[in-house]
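> The following block contains a protein sequence and its predicted model.
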Amino acid sequence: MLHEVARVNQKEPHVRRGWFRDDYFDIFTWQAANGDVVGFQLCYDLTSYERVLSWRAAKGYSHHRVDGGEASPIKNRTPIMVADGLLPLNTVLEEFDQRAVELDAMLRTFLRRHLVQYGNAKPGEIDKFQTGV
């Protein structure tokens, strides 16, 4: 079950950052003072093949996998995000529906709607969403 991390560093005075996590997801949200979601990062499949779906109101969607940077046991490299293929929508939605039941209903609906929108986009439509984050 996703639970909210109690203490999240708030860097922007007019935007509230939230963090929800469990063993499959890390979900970061940015909400304006009026409660509107202005961005999120949904990190999924954390222990196996971590990927990130990002969305910002002003920029759109991007989808990446996390390269842990640890190709060698004698080097400690910084993880980076690199472009990745399609979102495995059915798997992610199934996990989300099971794990997000305790999230605020409005936030849960918002996130799910954006997952479906991105996951059901046709290849040509995905390009217009990939405007960077």
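Nice, thanks for sending it over.
> In contact with the spatially most central residue of the chain, which residues?
Closest to where the C-alpha atoms of the chain average out (CA atoms, centre = their mean) is residue 42, at 1.4 Å. By CB atoms under 8 Å, 6 or more residues apart in numbering, the contact set of residue 42 is 25, 27, 52-54, 92, 111, 115. No exception for glycine: its C-beta is placed from N, CA and C like everyone else's.
> got those residues as CSV, with pLDDT and secondary structure columns?
Shown next, in CSV, are the contacts of residue 42 (pLDDT from 0 to 100; DSSP: H, G, I helix; E, B strand; the rest coil):
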residue, pLDDT, secondary structure
25, 98, strand
27, 98, strand
52, 95, strand
53, 96, strand
54, 95, strand
92, 97, helix
111, 98, helix
115, 96, helix
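> Can you give me the end-to-end span of stretch 39-50?
One end of stretch 39-50 sits 19 Å from the other (CA to CA, to the nearest Å).
> Quick check: residue 18 is in a strand.
Yes - judged by DSSP: H, G, I helix; E, B strand; the rest coil, residue 18 forms part of a strand.
> Does it touch residue 28 like I think?
Yes - taking CB atoms under 8 Å as the definition, residue 18 is a contact partner of residue 28 at 7.1 Å.
> one step back: show me what the residue nearest to the centre of the chain is bridged to.
Going by DSSP bridges, residue 42 is paired in beta bridges with residue 27, residue 53.
> ok, back up a step: residue 79: which of the contacts of residue 42 is nearest?
Nearest to residue 79 among those is residue 52, at 10.7 Å by CB to CB.
> Count the neighbours of that closest one for me.
Neighbourhood size, residue 52 [other CB atoms under 10 Å]: 18.
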